[in-house]
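**Student:** quick one: sequence plus predicted model below, questions after.
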Amino acid sequence: QLQLVESGGGLVQPGGSLRLSCAASGVTLDYYNIGWFRQAPGREREGVSCMNNDGRETNYADSVKGRFTISRDNAKNTVYLLMNNLKPEDTAVYYCAADTMRLCEHPPPFDYDSWGQGTQVTVSS
């Protein structure tokens, strides 16, 4: 059974950067389409980014395009989200997710079969 564990969240000032990591265990991610979504209090869940299992398709929410980069290291069974030029509106709990069937599209989906417990990102001065 696939398990996902996020790390790397924290408090950062506006304009700063964070890199989130998502370590998978139980099964290999090689055949999974992956993604990140976020949830902020009082706001709807939002797909942030996604990547198909072959790495050939990636998509980003318009709100993060040009600032966030998704990547995967299949050898380490790990997914990453590099976040640059962070803004207060990026404050949320970030979840990584995976699904063998849910393809990456625009806007990025958030309804995956598997996701982790989330990591808090707070952007504030």
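**Tutor:** Done, it's in.

**Student:** from here on, contacts and neighbour counts on C-alpha atoms
**Tutor:** OK.

**Student:** who's in contact with M51?
**Tutor:** M51 is in contact with N33, I34, G35, E57, T58, N59, I70, S71, C104, counting by C-alpha atoms under 8 Å, 6 or more residues apart in numbering.

**Student:** does the second one count as helix, strand or coil?
**Tutor:** Same thing as I34. strand (DSSP: H, G, I helix; E, B strand; the rest coil).

**Student:** and the residue most central in space within the chain, what does it touch?
**Tutor:** Nearest residue to the geometric centre of the chain (C-alpha atoms, centre = their mean): W36, 2.3 Å. Counting by C-alpha under 8 Å, 6+ apart, W36 makes contact with G47, V48, S49, C50, L81, Y94, Y95, C96, A97, F110.

**Student:** could I have the one helix or strand the fourth one maps to exported to CSV, CA atoms only?
**Tutor:** Here C50 is covered by strand 46-51, with elements defined by DSSP states H and E. Once side chains and other backbone atoms are set aside, the C-alpha atoms of strand 46-51 remain, and they are given as CSV (Å, rounded to 0.1, in the frame of the first residue of the first chain):
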residue,chain,number,x,y,z
GLU,A,46,-6.6,23.9,-5.0
GLY,A,47,-4.5,21.8,-7.3
VAL,A,48,-1.0,23.3,-7.4
SER,A,49,1.0,21.2,-9.8
CYS,A,50,1.1,17.8,-11.3
MET,A,51,3.3,15.5,-13.4
